[in-house]
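>>> sequence unknown, structure follows:
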């Protein structure tokens, strides 16, 4: 019975923590202005999330140059350089 009470208290604390975080962020108490520097933990998280996203999604070949004259001049109906 003691284990069940402990789990109930942990669950209640978790629910209260989520409610408090929601009130803090959605209530407008967190300053999102660009004139104030972000906390160090936020900067760390953003850098690591960005790097992980790039590593995961940037596996394709880079796009070709917007002015690839060899391909443009060989394509039918394309502009040619003379």
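Sure thing, it's come through. As the structure is a computational prediction, the values presented were derived from the model and not from experiment. Numbering: from 1, shown residues only.
>>> what's next to the longest helix seen in the chain, contact-wise?
Of all the segments assigned as helix in the chain under DSSP state H, the longest by residue count is helix 2-26. Contacts with helix 2-26, where a contact means CB atoms under 8 Å, 6 or more residues apart in numbering, come from 29, 30. Every residue, glycine included, has its C-beta placed from N, CA and C.
>>> contacts for the helix or strand just after it?
Read in the C-terminal direction, the helix or strand following helix 2-26 is helix 40-57, with elements assigned using DSSP states H and E. Helix 40-57 is contacted by residues residue 38 when judged by CB under 8 Å, 6+ apart.
>>> tell me the mean pLDDT for helix 40-57?
Averaged across helix 40-57, the pLDDT comes to 91.
>>> distance from it to the middle of the chain?
Helix 40-57 has its C-alpha centroid displaced from the chain centroid by 7 Å (CA atoms, centre = their mean, to the nearest Å).
>>> go on, stretch 38-51?
On the basis of CA atoms, centre = their mean, stretch 38-51 is displaced by 10 Å from the centre of the chain it belongs to.
>>> equivalent analysis for stretch 25-43, please.
15 Å.
>>> would you mark the buried spots in that stretch?
Taking 16 or more other CB atoms under 10 Å as the neighbour-count basis, stretch 25-43 is seen to contain no buried residue.
>>> before we move on, what about stretch 1-17?
Burial within stretch 1-17, assessed by neighbour count using 16+ other CB under 10 Å, is assigned to no residue.
>>> quick one, phi psi at residue 33?
Backbone geometry at residue 33, expressed as degrees, to the nearest 10, gives phi -70, psi 140.
>>> and if you look at residue 39?
Here residue 39 shows phi and psi, under degrees, to the nearest 10, equal to phi -60, psi 150.
>>> roughly how far apart are it and residue 17?
According to CB to CB, to the nearest Å, residue 39 stands 18 Å off from residue 17.
>>> with residue 47 instead?
In this view, residue 47 and residue 17 are 26 Å apart by CB to CB.
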